[in-house]
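Trainee: here is my input, please return the structure:
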Amino acid sequence: MSMENVYLGIVLAPLLGAIVAGLFGQQIGRAGAHWVTILGVAISFLLGLLVFKDVVFDGAAIYNNTVYTWLASDGVRFEIGFLIDQLTALMILIVTFVSLIVHIYTIGYMRDDPGYQRFFSYISLFTFSMLMLVMANNFVQLFFGWEAVGLVSYLLIGFWYMRESAIYANLKAFLVNRVGDLGFLLGIAAVLMYFNSLDYADVFRAAPLLSNLTVAIIPGTEWSVITLICILLFIGAMAKSAQVPLHVWLPDSMEGPTPISALIHAATMVTAGIFMVARMSPLFELSETALSVVLVIGAVTALSMGILGIVQNDIKRVVAYSTLSQLGYMTVALGASAYAAGIFHLMTHAFFKALLFLAAGSVIIALHHEQDIRKMGGLRKYMPVTYACMLIGSLALIGVPGFAGFFSKDAIIEAVSHAEIAGAGFAYICVLIGVFVTAFYSFRMFFLVFHGKERMEAHARMHLHESPAVITVPLILLAIPSVVAGYYIGPLLFDGFFADSIKVAPEHDVLARVGEHFTGALGFIGHGLAGPAVYLAAAGVAAAWYFYLQRPDIPPKLAASAGWLYRLLDRKYYADDINEFVFAAGGRRLGRALWKVGDATLIDGVMVNGTANSIGRVSRLIRQVQTGYLYHYAFAMIVGLLLLLSWFVVS
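Mentor: Numbering: from 1, shown residues only. The predicted model follows:
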């Protein structure tokens, strides 16, 4: 089999599974739907392993070719094609592995749902969309995958469409992402305008030649073209990867079933923005302004969203806010030009975040879909496998030495400490404080769910038991890389793994400075123990243990005494209120005003009804002339003849 057919198989196998399950779900039944989609994603994963071996271990040359030309217009070709390099190969493995685990888990989680076949069709289509995005070699296909993951996320967040909250959540996700996509599309349009090509290779090759080109967006104000393009593209990433202020859709995405929460938050959708910026490194490296914007936005997101996790009581929302915070860490890495560290954290985060979501789903099933952590407690003895897996995921999330999250998060913190661009000092403080915050809210949830006294209702306690193997086995499969994946830090960050995929200017190469003292994974652990991050994480766990196991009476008192501060956090910094009353309600008011002025007054009042009324008035006047009397017409003829004779005489 040629490698071209392998690449096609990777994207088409999940698509075929989605089509069969979606269109013929009634005919093949529930078992047929999950088998055909799992088989499709499994084929993609196995082919992804083959690609990874070919690119990484066998040293195959980078593949960059067109599959077919969709359209050619005025010398510009709109193509579908694949770019297969180390970055693509790694992303294929992450997407297909996590998706495969989620597909298997879904058999147990959705077994009683009437939309069983439809759900499997959607998640398989989601996988196809993300694969098309990460394998693209041009902006057209990138945009196709970008919009496709947005569409399928809309369908999945609102999967239970009979719930009003689900419809609100998927519409919110759709609208917020439209804001980001406007910036993204303008960025692509600017690329086409200035480079006259949408092919990555052409654009990256020509970018240095345009590094000094400026454009006057506002008369008298010159902007670097590269800076403009990068910021517009990053606006798209801000929405897809839920960066402040375009983050508001992600917590509400919890309205979808738990498996799709895991898929959105771990391997698809939100990782698209991180991947895109890393892929665009040859452009971003030419603009320190754009890098500073990325750095500061990521730092604000990492800290502010983590703080919100402290006051959440829905188990899935706690994990969701940790996703927002960790996406902020990845974005900080991108802004510091530590792209490899950002992708490394994307990888480790995909494993432990999918693990945390699926473990949360196991708890939710056991408690008959109860999600309030205040109504849990003491589950450790009932659910030992879920407990162990949730513990591993939490330890990886907070960055305990030896777990995957430690290596990737500590690499980001170290890299930022070496960065010298504007905002680096602020970002370093944010990511350090974020370590304490992450540990506190993560173990607040963990202790309230699995330790302490049992607070669930009596009928729920009577039937408590560990989840079936179809749920616990995927948890174990995700727990393994949540521990061991971090030990690949050397090859991924310091041995030039991404040298052909990611371009970093020498003056921005902070990872090279971190790597100067790298002596292996164990040496990195020792280096981490000499820094503040590990002890901040330990302090966060200790604080959560004290407040929620030893003195559970203190947190309610603190919340009551905090007053406006607690309300600020509980209302999520009033971001939803601002969006509702300023943008949503303001948009409706503007629409009504434009309707009154434009439609009702100008169009209906002046152009449509006004024209009709004017014709009516003129007609009534003319009708007075048409009397029907012969002498009136004779008189009019005589007057007309006199006027005509007078004109001839005068002329």
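
Trainee: mind listing what Ala242 touches?
Mentor: Trp249, Leu250, Val270, Thr301, Thr323, Leu324, Leu327 (CB atoms under 8 Å, 6 or more residues apart in numbering). The C-beta positions use only the backbone N, C-alpha and C, and glycine is treated the same way.

Trainee: would you mind giving the secondary structure of it?
Mentor: The three-state assignment at Ala242 reads coil, by DSSP: H, G, I helix; E, B strand; the rest coil.

Trainee: wouldn't Phe403 be in contact with Val483 here?
Mentor: Yes: shown here, Phe403 and Val483 form a contact pair, counting by CB atoms under 8 Å, at 5.8 Å.

Trainee: now the common contact residues for these two.
Mentor: Ile392, Ala396.

Trainee: quick one, which of those two is more surrounded?
Mentor: Phe403 (24 against 17; other CB atoms under 10 Å).

Trainee: for the residue nearest to the more buried one when sequence neighbours are not counted, give me its contacts.
Mentor: Among residues not flanking Phe403 along the chain, Ala396 sits closest, at 4.1 Å (CB to CB, 6 or more residues apart in numbering). Shown in contact with Ala396 (CB under 8 Å, 6+ apart): Thr348, Phe351, Phe352, Leu355, Phe403, Ala404, Gly405, Phe406, Ser482, Val483.

Trainee: quick check: which element contains Ala396?
Mentor: Here Ala396 sits within helix 384-398, counting by DSSP states H and E.

Trainee: in that helix, which residues are buried?
Mentor: By neighbour count with 16 or more other CB atoms under 10 Å, helix 384-398 contains the buried residues 385-398.

Trainee: now for the contacts of Ala396: which two are most distant?
Mentor: Using CB to CB, the contacts of Ala396 span at most 15.3 Å, a distance reached by Leu355 and Phe406.

Trainee: who has more neighbours out of those two?
Mentor: Leu355 (30 against 25).

Trainee: from the contact counts, what lies against the helix or strand in which the more buried one is found?
Mentor: Taking DSSP H and E as the criterion, Leu355 maps to helix 339-366. Other elements packing on helix 339-366 under the criterion 3 or more CB pairs under 8 Å, 6 or more residues apart in numbering; DSSP states H and E are helix 86-109, helix 258-266, helix 270-279, helix 315-335, helix 384-398, helix 404-418, helix 469-484.

Trainee: now the spatially most central residue of the chain: closest residue in space that isn't a chain neighbour?
Mentor: The centroid of the chain falls nearest to Val270 when counting by CA atoms, centre = their mean (2.4 Å). Distance criterion CB to CB, 6+ apart; nearest residue to Val270, sequence neighbours excluded, is Ser241 at 5.1 Å.

Trainee: phi, psi for the one you found please.
Mentor: When read as degrees, to the nearest 10, the backbone of Ser241 gives phi -100, psi 20.

Trainee: same thing with Glu222?
Mentor: Dihedral angles (degrees, to the nearest 10) for Glu222: phi -100, psi 130.

Trainee: which residues does the residue lying closest to it once chain neighbours are set aside contact?
Mentor: Using CB to CB, 6+ apart and skipping the chain neighbours, the partner closest in space to Glu222 is Thr214 (4.2 Å). Residues in contact with Thr214 (CB under 8 Å, 6+ apart) are Glu222, Trp223, Ser224, Val225.

Trainee: rerun that using 10 Å as the cut-off
Mentor: Thr221, Glu222, Trp223, Ser224, Val225, Ile226, Thr227, Leu228 (CB atoms under 10 Å, 6 or more residues apart in numbering).

Trainee: near the last one, how many other residues are there?
Mentor: Counted with other CB under 10 Å, the burial measure for Leu228 works out to 21 neighbours.

Trainee: for this protein, give me the ranges with low pLDDT.
Mentor: For the chain, applying pLDDT under 70 flags the ranges 1, 583-584, 598-600, 604-609, 624-625, 631, 651.

Trainee: who touches the strand ranked longest in it?
Mentor: Ranked by residue count under DSSP state E, the longest strand found in the chain is strand 63-73. Residues outside strand 63-73 that contact it (CB under 10 Å, 6+ apart) are 3-4, 6-8, 11, 51, 54-55, 77-85, 88, 135, 137-138, 140-141, 144, 199-201.

Trainee: next: stretch 16-32.
Mentor: 9, 12, 33-44, 103, 107, 110-111, 113, 115-129, 152.

Trainee: gap between the two ends of it?
Mentor: The first and final residues of stretch 16-32 sit 13 Å from each other (CA to CA, to the nearest Å).

Trainee: about what we covered before: filter the contacts of strand 63-73 down to just the buried residues.
Mentor: By 16+ other CB under 10 Å, the contacts of strand 63-73 give 3, 6-7, 11, 51, 54-55, 77, 79-85, 88, 135, 137-138, 140-141, 144, 199-200 as buried.

Trainee: in strands only, show me the residues you listed.
Mentor: Arg77, Glu79, Ile80, Gly81, Phe82, Leu83, Ile84.

Trainee: so who does the fifth one touch?
Mentor: To tie it back to what came earlier, the one meant is Phe82. 3-4, 7-8, 10-11, 63-67, 88, 132, 134-138, 141.

Trainee: beta partners of it?
Mentor: Asn65, Ala136 (DSSP bridges).

Trainee: ok, now the first one?
Mentor: Beta-bridge pairing for Arg77 (DSSP bridges): Ala72.

Trainee: surely it meets Phe139?
Mentor: No: between Arg77 and Phe139 there is no contact under CB atoms under 10 Å: 11.6 Å.

Trainee: common neighbours of the two, please.
Mentor: Common neighbours of Arg77 and Phe139 (CB under 10 Å, 6+ apart) are Ser197, Leu198, Asp199.
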